[in-house]
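S.K.: Kindly generate the corresponding structure for this input.
(chains A and B)
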Amino acid sequence: DGGITQSPKYLFRKEGQNVTLSCEQNLNHDAMYWYRQDPGQGLRLIYYSQIVNDFQKGDIAEGYSVSREKKESFPLTVTSAQKNPTAFYLCASSMARLNTEAFFGQGTRLTVV
Amino acid sequence: GNSVTQMEGPVTLSEEAFLTINCTYTATGYPSLFWYVQYPGEGLQLLLKATKADDKGSNKGFEATYRKETTSFHLEKGSVQVSDSAVYFCALSDRGGATNKLIFGTGTLLAVQP
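M.R.: Purely as a prediction, here's the structure:
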């Protein structure tokens, strides 16, 4: 079945550590996105990529990094510079043309311990 | 910039009641509009969409009409079920250049009681 797979579902991080969240899609979509979800704040865009080897910062990119070496994969690294990383992280993908909807993964819940 | 405003929740209804969740937007140009649904602990699923003024999106008994004159995209359902309990997000496509980023409202929690 086609879709987006995020792993792990739950992730615990000690303060000062970097962690990487995985996102893989087999929908043949060119565009991929990372959103952060906090209670009462909706979804905020962290990074997005329209094509392999290219990505742009979203609204809250500080403390995060991404790579797009393959069309199918768009991993997100939460670095120690992110001061408040505890959140629910959602990966999405879409076709690159306008007016198309995004498809979401099941999310990764990151907790700093 | 572009933005989406949703009515605050939670919205609590009895089974078979009529549902309306208000959504208004601010945007330049002609964005596409979406409603997504999120069940506890899961990602978002597309519920319905509309790509131009006066379009009506519909799915699973839910409907929303793209009203350009009132910049609104209210979600309605004639008879809700317990299984409709979830968080509902209104979103618009932000056509910054050639991208297709989505801008979301803050979400509205719907709780349906038997």
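S.K.: so which strand or helix has A:Gln47?
M.R.: Check again: residue A:47 is Tyr, not Gln. Here A:Tyr47, judged by DSSP states H and E, is contained in strand A:43-51.
S.K.: Kindly report the residues of chain B close to chain A.
M.R.: When proximity is defined by C-beta under 8 Å from any C-beta of the partner chain, chain B lies next to chain A at B:32, B:34, B:36, B:41-46, B:49, B:51, B:89, B:93, B:95, B:98-102, B:104-107. (Glycine included, C-beta is placed from N, CA and C.)
S.K.: In helices only, show me the residues you listed.
M.R.: Nothing among the residues of chain B next to chain A maps onto helices, per DSSP state H.
S.K.: related to what we said a few turns ago, could you list the residues in contact with the strand holding A:Tyr47?
M.R.: By C-beta atoms under 8 Å, 6 or more residues apart in numbering or on different chains, the surrounding residues in contact with strand A:43-51 are A:30-38, A:55-61, A:64, A:66, A:68, A:74, A:76, A:89-90, A:96, B:44, B:89, B:98-99, B:101-102, B:104.
S.K.: Among these, the buried ones, what's the PyMOL command?
M.R.: Selecting only the buried entries of the contacts of strand A:43-51 in PyMOL, with 16 or more other C-beta atoms under 10 Å in any protein chain shown as the criterion:
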select buried, (chain A and resi 30+31+32+33+34+35+36+37+55+58+61+64+66+68+74+76+89+90) or (chain B and resi 44+89+99+101+102+104)
